[in-house]
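Novice: Provided below for reference: sequence and predicted model.
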Protein chains: 2
Amino acid sequence: MQYSSALLETLITELTRLPGLGRKSAQRIAFYILRTADGDASRLAQAILDLKSKVTDCEICGNVTETQPCALCADTRRDPALLCVVEQPMDVLALERTGEFRGHYHVLKGALSPVDGIGPDQLRLTEMMRRVKEGEVREVIVATNPTAQGEATALYIAQLLQPIANLKVTRIARGVPMGSDLEFSDQVTLARALVGRKEI
Amino acid sequence: MQYSSALLETLITELTRLPGLGRKSAQRIAFYILRTADGDASRLAQAILDLKSKVTDCEICGNVTETQPCALCADTRRDPALLCVVEQPMDVLALERTGEFRGHYHVLKGALSPVDGIGPDQLRLTEMMRRVKEGEVREVIVATNPTAQGEATALYIAQLLQPIANLKVTRIARGVPMGSDLEFSDQVTLARALVGRKEI
């Protein structure tokens, strides 16, 4: 195909590398950027560069941050007795959006997956153990994904933490999602919902 | 919501301004950029800046380009007797992808739409008339969109060009799209397909 602008083609190619963007969406975005004000486009470009140059991992929780420690770890209003363990920084965002959790986080940066060569050494488990042993943590909430890898990781963490006295280890509830129809729930989820039933 | 990184929040906000990107997609892309190699991210940022600073409109056809005239106008292997009139630069891309057209293009930069305040003066019609009168154009193919605005623009162009001797003015065929089922075609399209029927 002969494009009238090689730079347009370059941007479209770069955009298609991003997750969820096909050629058509990339094209629409490229033409939008072409029509938009210069300031908007340069702000977008600058935001990309800033993110790469200034954002790092929080030394304590492993979440993304541009300060050390991150705003969540530095927040003294948060309960230091609660530690929520998640796989990825995106999971922190998802949990924060609920507004239900006021403790601290620990990002593992993955889940156990022998097939992909990810064992305990590839996860931030040593850091987690240190925080639990040295800090005032009373409950570890394991909020890894409800997938095979996430469940395996949760079990592994429970075993790691078991020897520590006066520590509760909990797992987020798995069951039928809110707003869904029972008839459309898969067997595994529905079985989980039955097993995890609670008195009203 | 309290984000652990303001820069991450900034990029997500900038990304949600782009067409077709909601908050979730923007978040996925932002985290992808965070994990990707530095080179990839800076190439993307540079591509955005380059597009804005170096890409302009071709003085002849109005298509996007970084050279004057654009590669399509400069291509001597293209037939100067054929001129295809389209609404937007994106339409040129779409037509070039078919590989069926080897003439030149003329981008109107819109379509007649009195409601939006777009009259003949807002379109690149004067430039089109000059090209047709001064050049060796023998056929003008009107490829505006098959919408109310596009059809009105096509009629207007046909009237403008009517006085010029030895000039054929054609409109792209409108009918049932390839690969579709007749039963799912709307009435207007199907009526068009009947009226525009051809001998096999």
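Specialist: Sure, I can see it.
Novice: Alpha carbons of stretch A:51-68, as PDB, please.
Specialist: Output of stretch A:51-68 as PDB, limited to C-alpha atoms (Å, rounded to 0.1, in the frame of the first residue of the first chain):
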ATOM      1  CA  LEU A  51       5.900   7.900  32.600                       C
ATOM      2  CA  LYS A  52       9.000   6.000  31.300                       C
ATOM      3  CA  SER A  53      11.600   8.300  32.800                       C
ATOM      4  CA  LYS A  54      10.100   9.100  36.200                       C
ATOM      5  CA  VAL A  55       7.900   6.200  37.200                       C
ATOM      6  CA  THR A  56       9.500   3.400  39.100                       C
ATOM      7  CA  ASP A  57       8.500   0.700  41.500                       C
ATOM      8  CA  CYS A  58       7.900   1.600  45.200                       C
ATOM      9  CA  GLU A  59      10.700   0.000  47.200                       C
ATOM     10  CA  ILE A  60       8.200  -1.100  49.900                       C
ATOM     11  CA  CYS A  61       5.100  -2.400  48.100                       C
ATOM     12  CA  GLY A  62       6.300  -2.800  44.500                       C
ATOM     13  CA  ASN A  63       3.500  -0.600  43.100                       C
ATOM     14  CA  VAL A  64       4.200   2.000  40.400                       C
ATOM     15  CA  THR A  65       5.200   5.400  41.800                       C
ATOM     16  CA  GLU A  66       7.300   8.500  41.200                       C
ATOM     17  CA  THR A  67       8.100   9.000  44.900                       C
ATOM     18  CA  GLN A  68       9.800   6.700  47.400                       C
END
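Novice: can you tell me the average pLDDT over it?
Specialist: Averaged across stretch A:51-68, the pLDDT comes to 90.
Novice: How about it and chain B, touching?
Specialist: Yes: judged by CB under 8 Å from any CB of the partner chain, stretch A:51-68 comes into contact with chain B at A:51-52, A:54-55, A:58, A:63-66. Where C-beta positions appear, they are placed from N, C-alpha and C, glycine not excepted.
Novice: Filter those residues down to the buried ones, PyMOL style.
Specialist: Buried residues among the residues of stretch A:51-68 next to chain B (16 or more other CB atoms under 10 Å in any protein chain shown), as a PyMOL selection:
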select buried, chain A and resi 51+52+55+58+63+64+65+66
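Novice: what about the helices in chain A?
Specialist: Secondary structure of chain A (DSSP state H): helices located at A:6-16, A:23-35, A:38-54, A:71-74, A:89-98, A:125-134, A:148-161, A:187-195.
Novice: Do any residues in the first one lie close to chain B?
Specialist: When you say that, I think you mean helix A:6-16. Yes: applying CB under 8 Å from any CB, one finds helix A:6-16 touching chain B at A:6-8, A:10-11, A:14-15.
Novice: how far out from the middle of the chain is that helix?
Specialist: Mean C-alpha position of helix A:6-16 versus that of the full chain (CA atoms, centre = their mean, to the nearest Å) differs by 29 Å.
Novice: and stretch A:119-129 with chain B, contact?
Specialist: No: shown here: stretch A:119-129 not in contact with chain B (CB under 8 Å from any CB), separated by at least 14.7 Å.
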